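> what follows is a predicted protein model with its sequence.
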Amino acid sequence: MSTTSRRVRVFRLKREDGEPRYDEFDVPADQATTVLEALRWIQVERDPTLAIRHSCFHASCGTCGVRVNGREGMACVTPLPGTGTVTVEPIANLPVLNDLVVDMAPFQERFVAPHPIVRDSEVEPGAHPPEGIARYERFEDCIECGLCLSACPVAATDDTYVGPAALAYAQRLLEEARGADREAILDWANADNAAWRCHAAFECTEACPSDVRPAQRIMALRRELRGHREAVTP
């Protein structure tokens, strides 16, 4: 597989500098090179001060989300575009901490409580885990990467909007309440900055790397809210 040089233009922001800028690097790459591999090469070979975030290398941890030529993606599985200058920026609608690293706390604070990371998985009545396994656990589909919030045109203009990931999670709780207070969730979703604030652009579903389909879940949440209104209206 032949290797060529590709120009990568990277967003930079250091708090001590105060002003953002873009730095350009010529990166050796082939058809299989990912954006994360290109960024790691820059960090190792050209600029060790470049701040990036990554962990699993297979799009399951949600930590390496970026925008590549204006589109959201997980850097570890996004191929480096083969033509022209490639611009890599942090995900949008969250505060930038350092270069491509954003503060995820405002994203996580949007979620309705309770918000468990893992939960006990369901098993058939009478079934038991294999020897040596105390219990089954499973992760929800959402990897909390923030790509849906970055892609959302409403979040770009309204920082009070709870966003697609939080709304999709609320709908999932209604689907399978696991002891949560349904009335409290419906009240939360019915607020001015929640389900009815969505403009149904479906950019969140396009950006989601885990097939959560947040836009479709928001539409399902709205159906729940309409049904709830009809049920309580005399």
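All right, it came through fine.
> C-alpha from now on. contacts and neighbour counts both.
OK.
> give me the neighbour count for the nearest residue to Ala220 once chain neighbours are set aside.
Nearest residue to Ala220, sequence neighbours excluded (CA to CA, 6 or more residues apart in numbering): Gln171, at 7.2 Å. Gln171 has 25 neighbouring residues, counting by other CA atoms under 10 Å.
> helices or strands up against the helix or strand hosting Gln171?
Element membership of Gln171, judged by DSSP states H and E, is helix 164-175. Contacts defined by 3 or more CA pairs under 8 Å, 6 or more residues apart in numbering; DSSP states H and E place helix 164-175 against helix 147-151, helix 182-189, helix 214-232.
> save those as JSON lines, and put in mean pLDDT and mean neighbour count too.
Listed next are the helices and strands packed on helix 164-175 as JSON lines, based on pLDDT from 0 to 100; neighbours: other CA atoms under 10 Å:
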{"stretch": "helix 147-151", "mean pLDDT": "98", "mean neighbour count": "28"}
{"stretch": "helix 182-189", "mean pLDDT": "93", "mean neighbour count": "16"}
{"stretch": "helix 214-232", "mean pLDDT": "87", "mean neighbour count": "17"}
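> ok, which of the ones you listed comes nearest Ala75?
For the helices and strands packed on helix 164-175, the distance to Ala75 is smallest for helix 147-151, at 11.3 Å, taking CA to CA.
> low-confidence regions, the chain specifically.
Counting by pLDDT under 70, the ranges of the chain that qualify are 1, 115-123, 136-140, 177-178, 230-234.
> ok, which stretches of the chain are strands?
Ranges of strands within the chain are 4-12, 21-29, 65-68, 71-74, 86-90, 96-98, 101-102, 118-120, 137-139, based on DSSP state E.
> which helices and strands does the fifth one pack with?
To tie it back to what came earlier, the one meant is strand 86-90. Counting by 3+ CA pairs under 8 Å, 6+ apart, strand 86-90 packs on strand 4-12, strand 65-68.
> now the ones you listed in a markdown table, with distance to His228 and mean neighbour count?
What follows is the helices and strands packed on strand 86-90, written out as a markdown table (distance: least, CA to CA, whole Å; neighbours: other CA atoms under 10 Å):
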| stretch | distance to His228 | mean neighbour count |
| --- | --- | --- |
| strand 4-12 | 46 | 18 |
| strand 65-68 | 36 | 26 |
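> closest one to Gln216 among the ones you listed?
strand 65-68 (21.8 Å).
> mind checking how far the closest one is from the chain centre?
Here the centre of strand 65-68 is set off from its chain's centre by 10 Å, with CA atoms, centre = their mean, to the nearest Å.
> contacts for it?
Identification of contacts with strand 65-68 by CA atoms under 8 Å, 6 or more residues apart in numbering yields 72-75, 86-91, 100, 145-147.
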